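K.L.:
Here's a sequence, model it:
(2 chains)
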Amino acid sequence: MKDRLIISNLSKSFGQLKLFDAVTFVVDPGTILKLNGNNGSGKTTLMRIISSQIEDYGGEVLINGENIKDSQETVFNKIQYLAPYPNLYENLTLEENIDFFVEIFKSTRPSMKTTLINLFKLESFVRYKVSDLSDGTKKKIAILIAFLTRPQFLIFDEPYTYLDSSSIKLLNNLIKEHVKEGGSLIVVDNSNGGNNLEFSDYIEL
Amino acid sequence: MRDFFSLVLLILKKDFVIETREKLNLSYLIILCPTITLIISIFVQSQAIFMEYFLSILIITLLVNQRISRQEISTGGELILIGAPFDLSILCFSKIIFFVILSFIIHLIVFLVFSLILSMNLNSDLIIFISISCLFSIGLSAILTTFSLMLERVKGEGQFMLILVYPLIIPFLVLAHSSILSIQTMTSMEVFESFSFQALLAFDILLLTVCPILFSYSIRR
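P.N.:
Numbers count the residues shown, from 1 in each chain, chains lettered A, B, ... in the order given. A predicted model of the protein is given here:
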């Protein structure tokens, strides 16, 4: 867990609309960056570019000097993007979703599943279909999956939306633990749930 | 690269878990297939029973296909597995296989309806008929599944956009049509050796190769 993420001169346009231009920053191991910007400034697009979900852009994203366009499989094993809306299968149960994503992302610590389920107080919902659960519970499942997979770089887009205060506290503790172990985080947070985190840098779009 | 088939099986297993519990597609098919088949047999009133059969299959496939793709889209309108650590052609290939399996159920129901109600007689041509049916379904599934998966992401306009893809299946339909016509005039061996049958087979192989690659390339661009 010692890779550096370098974003160099990144630019993105949609037709005539220039979303952002010459965005440059570095994410070092064990750091948290906060991404700020108005609605429509391109925060989500920037995060999706970094996590290799969009390939049509200007500039470079490098992990340890290697361009992510040339090493997609490496990227997906090292970066995980948590979208504002949880990307889950609504017709699978909570447990089936977790098991499916653990296998898909080849989780390095599947034994943590029960511990995280208990920490997020999800044990009574494991056999419920995701479509029957509240938005907050869905968000917890998506966060739980991210921490089960736990690549070096976590990119969280509005992670605190829908969460109650105890879950926000738990999420912040998990983030701190992740950073302590050399992991890195880029976060967009308009709800200010992450106010007690120590940000190493702020990026303005 | 992780084992291609283990990932295909994992995604297929997920689809079957959903299907066996929810039976969403199955109950939809059980109602839709006989209804469309009966409508066509009553209103077309053609003597060419093969044509009625394939027309029923085509209409049902067009109606059912988007349901399969929609399952891969999250409530936020994004492909659920967009960040998965593998080539997305695997997802597309799995969905094509799943839809081909559903196509066999469609064929089975439509065949039963035709056999029971319209006394469809296929004894002498059964093998060649099944072969053409399979080739027809595989190709159709590949085109429609790939494009509907790609276009489901076009928020709010996915269904309209899919209609733009329909002309692409016309060359494929012409080949299937000409193969079906040849059943009545040629022996089984001659049908297998005919240009339209072999072109249909070649199209299937081509589509099964090209569609997943096209999907994977287009989705992250």
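K.L.:
from here on, contacts and neighbour counts on C-alpha atoms
P.N.:
OK.
K.L.:
quick one: the helices in chain B?
P.N.:
Shown for chain B, the helices assigned by DSSP state H span residues B:4-22, B:24-44, B:49-70, B:89-118, B:126-151, B:158-163, B:170-185, B:188-193, B:195-219.
K.L.:
Send me the helix or strand of chain A with the lowest mean pLDDT as PDB with only the CA atoms.
P.N.:
Averaged element by element with mean pLDDT, DSSP states H and E, chain A has its least confident helix or strand at helix A:72-78 (a mean of 75). Output of helix A:72-78 as PDB, limited to C-alpha atoms (Å, rounded to 0.1, in the frame of the first residue of the first chain):
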ATOM      1  CA  GLN A  72      -7.100  -1.000 -16.400                       C
ATOM      2  CA  GLU A  73      -7.100  -4.200 -14.400                       C
ATOM      3  CA  THR A  74      -4.500  -2.800 -12.000                       C
ATOM      4  CA  VAL A  75      -6.600   0.300 -11.700                       C
ATOM      5  CA  PHE A  76      -9.700  -1.500 -10.700                       C
ATOM      6  CA  ASN A  77      -7.900  -3.500  -8.100                       C
ATOM      7  CA  LYS A  78      -6.300  -0.400  -6.600                       C
END
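K.L.:
Can you give the contact residues for that helix?
P.N.:
Contacts of helix A:72-78 from elsewhere in the structure, counted by CA atoms under 8 Å, 6 or more residues apart in numbering or on different chains, are A:51-52, A:63, A:68, A:105, A:151-153, B:1, B:83-86.
K.L.:
on that earlier part again, looking at the helices of chain B, which has the lowest confidence?
P.N.:
Out of those, the stretch the model trusts least by mean pLDDT is helix B:158-163, with a mean of 64.
K.L.:
and A:Ile155, that's in a strand?
P.N.:
Yes - for A:Ile155, which was evaluated using DSSP: H, G, I helix; E, B strand; the rest coil, the result is membership in a strand.
K.L.:
Then A:Thr108 would be within a strand, right?
P.N.:
No - note on A:Thr108: no strand contains this position according to three-state DSSP, which reports coil.
K.L.:
Burial check on it, number of neighbours?
P.N.:
The tally of other residues near A:Thr108 (other CA atoms under 10 Å in any protein chain shown) stands at 13.
K.L.:
which residues does the spatially closest residue to it that is not a sequence neighbour contact?
P.N.:
Nearest non-adjacent residue to A:Thr108, counting by CA to CA, 6 or more residues apart in numbering or on different chains: A:Thr149, 6.2 Å away. A:Thr149 makes contact with A:Val102, A:Phe105, A:Lys106, A:Ser107, A:Thr108, A:Arg109 under the criterion CA under 8 Å, 6+ apart.
K.L.:
and if we set it to 7 Å?
P.N.:
When the contact criterion is CA atoms under 7 Å, 6 or more residues apart in numbering or on different chains, the partners of A:Thr149 are A:Val102, A:Phe105, A:Ser107, A:Thr108.
K.L.:
got it, and A:Phe153?
P.N.:
Residues in contact with A:Phe153, defined by CA under 7 Å, 6+ apart, are A:Lys78, A:Ile79, A:Gln80, A:Gly183, A:Ser184, A:Leu185.
K.L.:
residue ranges with poor pLDDT in chain A?
P.N.:
Flagging of chain A using pLDDT under 70 yields the residue ranges A:1, A:72-73.
K.L.:
For it, which residues are neighbours of chain B?
P.N.:
Where proximity means CA under 7 Å from any CA of the partner chain, the interface of chain A facing chain B comprises A:53-56, A:73, A:76-77, A:85, A:87-88, A:91-92, A:104-105.
K.L.:
any idea how far the most centrally placed residue in chain B is from B:Asn65?
P.N.:
To find the centre residue of chain B, average its C-alpha atoms and take the closest one (CA atoms, centre = their mean): that gives B:Ser141, at 2.8 Å. When CA to CA, to the nearest Å is the yardstick, B:Ser141 and B:Asn65 sit 8 Å from each other.
K.L.:
so what's in contact with those two at the same time?
P.N.:
Counting by CA under 7 Å, 6+ apart, no residue touches both B:Ser141 and B:Asn65.
K.L.:
can you list contacts of stretch B:62-82?
P.N.:
Applying CA under 7 Å, 6+ apart, the contact partners of stretch B:62-82 are A:Gln53, A:Tyr85, A:Asn87, A:Leu88, B:Leu144, B:Thr145, B:Ser148, B:Leu149, B:Glu152, B:Arg153, B:Lys155.
K.L.:
Widest-spaced pair of these?
P.N.:
Spatial extent of those (CA to CA) is set by the pair A:Tyr85 and B:Leu144 at 27.2 Å.
K.L.:
Would you mark the buried spots in stretch A:57-70?
P.N.:
Using 16 or more other CA atoms under 10 Å in any protein chain shown as the test for burial, stretch A:57-70 gives A:Gly59, A:Glu60, A:Val61, A:Leu62, A:Ile63, A:Asn67, A:Ile68.
K.L.:
ditto for stretch A:96-114
P.N.:
Of the residues in stretch A:96-114, those buried by neighbour count under the rule 16+ other CA under 10 Å are A:Glu96, A:Asn97, A:Ile98, A:Phe100, A:Phe101, A:Val102, A:Ile104, A:Phe105, A:Ser107, A:Lys113.
K.L.:
What lies in contact with that stretch?
P.N.:
With contact meaning CA under 7 Å, 6+ apart, stretch A:96-114 is reached by A:Leu88, A:Tyr89, A:Ile145, A:Leu148, A:Thr149, B:Ala84, B:Pro85.
K.L.:
Please apply the same query to stretch B:176-193.
P.N.:
Applying CA under 7 Å, 6+ apart, the set of residues contacting stretch B:176-193 is B:Phe50, B:Ile128, B:Phe136, B:Ser196, B:Phe197, B:Gln198, B:Leu200.
K.L.:
I'd like to know which residues of chain B are adjacent to chain A.
P.N.:
Selection of chain B residues close to chain A by CA under 7 Å from any CA yields B:Ile18, B:Ser74, B:Thr75, B:Gly76, B:Ile80, B:Ile82, B:Gly83, B:Ala84, B:Pro85, B:Phe86, B:Arg220, B:Arg221.
K.L.:
are any of those residues buried, and which?
P.N.:
When those are checked for burial by 16+ other CA under 10 Å, the buried set is B:Ile18, B:Ser74, B:Ile80, B:Ile82, B:Gly83, B:Ala84, B:Pro85, B:Phe86, B:Arg220.
K.L.:
Break down chain A into its helices, ranges please.
P.N.:
Using DSSP H, the helices of chain A run over A:43-50, A:72-78, A:94-104, A:113-119, A:135-149, A:165-180.
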